[in-house]
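Colleague: this is a predicted model, with the sequence first.
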Amino acid sequence: MTSIRIRRRDTIDRPRGIGGLCYGGDYNPEQWPEEVWREDVALMREAGVNLVTVGVFAWSRLEPEPGRYDFGWLDRVLDLLHTGGVGVCLATPTASPPPWFGLAHPDALPVSADGTRLTHGSRDTYCVCAPPYQEASVRVARALAERYRDHPALAMWHVHNEYGTWCHCDHAAAAFRDWLRARHGSLDALNDAWTTAFWSQRYARWEEIAPPRATRYLPNPSQVLDFRRFLSDAMLGHYRAQKAVLRELTPDVPVTTNFAFGGWVPVNPWEWAGEVDLVAVDHYPDDPAQAAGQTAFAADLARGWAGGRPWLLMEQAAGIVYTGPRMRAKPPGEIALHSLQHIARGSRGAMFFQWRASRGGAEMWHGGMVPHAGPDSRVHREIRDLGRLLPRLAEYGEGGAVQADVAILWDPESWWALESPAFPSSEVRYLDAVQQAHRVLWRSGVTADFARPPGDLSAYQMVLVPALYLASGATARNLASYVEQGGTLVVSFFSGIADEHARVRLGGYPGALRDLLGIRVEEFLPLEEPVRLRLPGTHQPSDTSNDVPRNMRENITGDTAQDVPGNAGEDVPDDTGPGIAGTIWSERIESRGAAVLARYEGGPLDGLPAITRHSHGAGQAIYLSTRLDDDAYAGILAAAGLPASPAPAGVELVRRGGEGASWLFALNHTSERQEVKASGTDLLTGSPIDGILRLAPGGFAVIRMPHDTP
Ligand code: GLA
């Protein structure tokens, strides 16, 4: 084994030794006899695989008894992979402690909210706060790093797997109290932040505080929110402890972990992103009808967490997707199309879970790059085809920044707070609101970034603020200054309602954003049935919602600007326009200077404002007090100045720009042939494109464009 030192600390965000895009997946050779390994590596070579995650669930094989390591098999695997030209993303196996661990340390097994101590038998049975687990994790990470620090196959470290395990045990309780002391400083401050005066919850001693365990009725929402924040930090501490050892022994090897996505995950990726050398995410779309839009959503989110830098799609499914009530096989062509979507939006490659579908075990029905049928299969042929295609994108390398004029604010803490059980409507869901905002942009052909509040928004023409339930004073000031300087802000209902401790801001909703929006909301009226909204004047009544954007555009933006009243609370003339519907939610709004763009029609809010616009400084702040359908939402955005996309419906265009070069990714999600205006060279075919790019159904292209292309 020879030592490889090719990278300085400040550039270790790329798996060592891999020049182009990463291609591969989780490889679990411990599930297979050795004779299969040779075939695996031969197939990987043929498929163009250059990176595999090894050992992610192999702890019981690596350390069959406490302190006794068996590295022989892993030595052979790594040597074989290296000989085959495949780099290794070597995992620390701490997501799946071996059976002996729980027997030796029953106090390190996790306890659910109802007090049940879980047992070994699945994976993720540990408490990150339990000292024996922390020690065993660092020990096994050190043993691996000492063994493989100089192995030439070692390309990257993959710490743990999908952090997200909850525990309510006494170790977690003690650590939670320490965390609370650091966050709140004093019991008085905590009691105030948690509103413990309600239901006699006032704490007189720190020892009285516990995680939000099962209780009689509703838990304290501020306590639940703080516990999720604490879990994120506790898991980050576990990650950091391993990273420190890996960094000490292999200073040139990037370290990462794979972020999971879901309401169950108490990890704040904004806090974690700075701790990983390369942001890595797993993505499994759960709605076949929306899989392409969900893919774009996840990829944009990952790029946001990475601060616009390249990131890596660590896992996706090659075949059957192991999610939802009915497993779903990816239709032909989707493996490549979704991989290209991720790459277009900043991923440094396309990786899968897992290389070979398992023959037994809990996830034996999850698809593999080599399915149960073996390499002679449709799925594996698609894997090979994609592997042959990706090197043609090598020149694209870093690929330049993804160009986006619009941002969506993403705040996991608002998501967590909105998961609380006692809200005015269980239909107000954070993820629905954010996904709708992204979907509307995606369908309009507009690439969006995700941004963390508060942050620098000056690069964006428009910022969408869906369900930002918690808003600090700093966030409110940040949004106001963005609008003052000319930005367009589109805020949807249930934003700016509470402070960072999940306490309601008093004096009228949406407390933190009231002045900026030029409105005051007196009460919420969750809707059982849809309500009609009356749009402002148009003298050409229309019966299609597609006309809404045109009507709205005329009334909000430049074309007929003289028709638009100022900020005196007057209306855009109305009564003659077409209607749209609002669902789920409505509010009693009083304009405090905002122009009214649409009014409620009928019901208790008849004639009152539903959608408003407030000029503030050089910009405008628009407020949606009810849920619109996607077309109406798109209409509002178009009317507010959303840049129009040149792409036909169903064709995704992503523009990348770097120093001296720019590229256009074009992906056809329709079953029709499509044409897009473009000139340059198609990197995948090598053909020149002179004005018109023709895309087959489900087809895609990556065009290197002349650098001066507008
Ligand atoms: C996650 C995990 C994998 C596997 C897949 C499929 O992403 O990281 O280990 O369980 O889901 O379910």
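Modeller: Good, I have the coordinates. Residues are numbered from 1 along each chain as shown.
Colleague: for the ligand, see how far away residue 233 is.
Modeller: 22 Å (CB to the nearest ligand atom, to the nearest Å). For the C-beta atoms, the positions are set from N, CA and C on the backbone; glycine is no exception.
Colleague: list the buried residues of the helix or strand hosting residue 313.
Modeller: Element membership for residue 313 (DSSP states H and E) is strand 311-315. The neighbour-count check on strand 311-315 (16 or more other CB atoms under 10 Å) flags 311, 312, 313, 314, 315 as buried.
Colleague: does that strand reach the ligand?
Modeller: Yes: using CB under 6 Å from any ligand atom, strand 311-315 reaches the ligand at residue 315.
Colleague: just how off-centre is that strand within its chain?
Modeller: Averaging C-alpha positions (CA atoms, centre = their mean, to the nearest Å) puts strand 311-315 12 Å from its chain's average.
Colleague: that one pairs with which strands?
Modeller: strand 280-282 (parallel), strand 347-352 (parallel) (DSSP bridges).
Colleague: what's the closest of these to the ligand?
Modeller: strand 280-282 (3.9 Å; CB to the nearest ligand atom).
Colleague: centre-most residue in the protein?
Modeller: Nearest to the mean C-alpha position of the chain, by CA atoms, centre = their mean, lies residue 301 at 4.0 Å.
Colleague: by contact count, what packs against the top helix by length along the chain?
Modeller: In the chain, taking DSSP state H as the definition, the longest helix is helix 221-249. When contacts are defined as 3 or more CB pairs under 8 Å, 6 or more residues apart in numbering; DSSP states H and E, helix 221-249 packs onto helix 131-148, strand 154-159, helix 170-184, strand 255-256, helix 269-272, helix 412-418.
Colleague: okay, and for this protein, where does confidence drop off?
Modeller: Flagging of the chain using pLDDT under 70 yields the residue ranges 1-11, 322-324, 396-399, 537-577, 708-710.
Colleague: how about the residues of it near the ligand?
Modeller: 161, 162, 282, 315, 322, 353, 363, 366.
Colleague: can I get the helices and strands packed on helix 221-249 in TSV with distance to residue 329 and mean neighbour count?
Modeller: Formatted as TSV, the helices and strands packed on helix 221-249 follow (distance: least, CB to CB, whole Å; neighbours: other CB atoms under 10 Å):
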stretch	distance to residue 329	mean neighbour count
helix 131-148	36	20
strand 154-159	27	26
helix 170-184	40	18
strand 255-256	30	23
helix 269-272	30	19
helix 412-418	31	23
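Colleague: so for residue 493, which of the ones you listed sits nearest?
Modeller: helix 412-418 (11.9 Å; CB to CB).
Colleague: I'd like the next helix or strand past the closest one.
Modeller: helix 430-443.
Colleague: the stretch 1-150 of the chain: strands as residue ranges?
Modeller: 22-27, 51-54, 87-92 (DSSP state E, counting those that start in this stretch).
Colleague: now these as JSON lines including mean neighbour count?
Modeller: Below are the strands of the stretch 1-150 of the chain laid out as JSON lines (neighbours: other CB atoms under 10 Å):
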{"stretch": "strand 22-27", "mean neighbour count": "28"}
{"stretch": "strand 51-54", "mean neighbour count": "27"}
{"stretch": "strand 87-92", "mean neighbour count": "28"}
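Colleague: surely residue 633 and residue 433 touch.
Modeller: No: contact criterion CB atoms under 8 Å: residue 633 and residue 433 do not qualify, at 10.6 Å.
Colleague: now the phi/psi pair for the residue in the stretch 351-500 of the chain that the ligand sits nearest to, please.
Modeller: Residue of the stretch 351-500 of the chain nearest the ligand, by CB to the nearest ligand atom: residue 353 (4.5 Å). For residue 353, the backbone dihedrals (degrees, to the nearest 10) come out as phi -110, psi 120.
Colleague: what residues are up against it?
Modeller: 25, 26, 282, 315, 316, 317, 366 (CB atoms under 8 Å, 6 or more residues apart in numbering).
Colleague: what's the nearest residue to the residue nearest to the centre of the chain if we skip its chain neighbours?
Modeller: Counting by CB to CB, 6 or more residues apart in numbering, residue 301 lies nearest to residue 450, which is 5.1 Å off, once chain neighbours are set aside.
Colleague: mind listing what the one you found touches?
Modeller: Counting by CB under 8 Å, 6+ apart, residue 450 touches 300, 301, 303, 304, 305, 407, 408, 409, 410.
Colleague: wouldn't the residue nearest to the centre of the chain be in contact with residue 410 here?
Modeller: Yes: counting by CB under 8 Å, residue 301 does reach residue 410; the two are 6.5 Å apart.
Colleague: now residue 653, what's its secondary structure?
Modeller: strand (DSSP: H, G, I helix; E, B strand; the rest coil).
Colleague: where's it relative to residue 344, distance?
Modeller: 9 Å (CB to CB, to the nearest Å).
Colleague: these two: which is more packed in?
Modeller: Between residue 653 and residue 344, counted using other CB atoms under 10 Å, the more crowded position is residue 344 (25 against 21).
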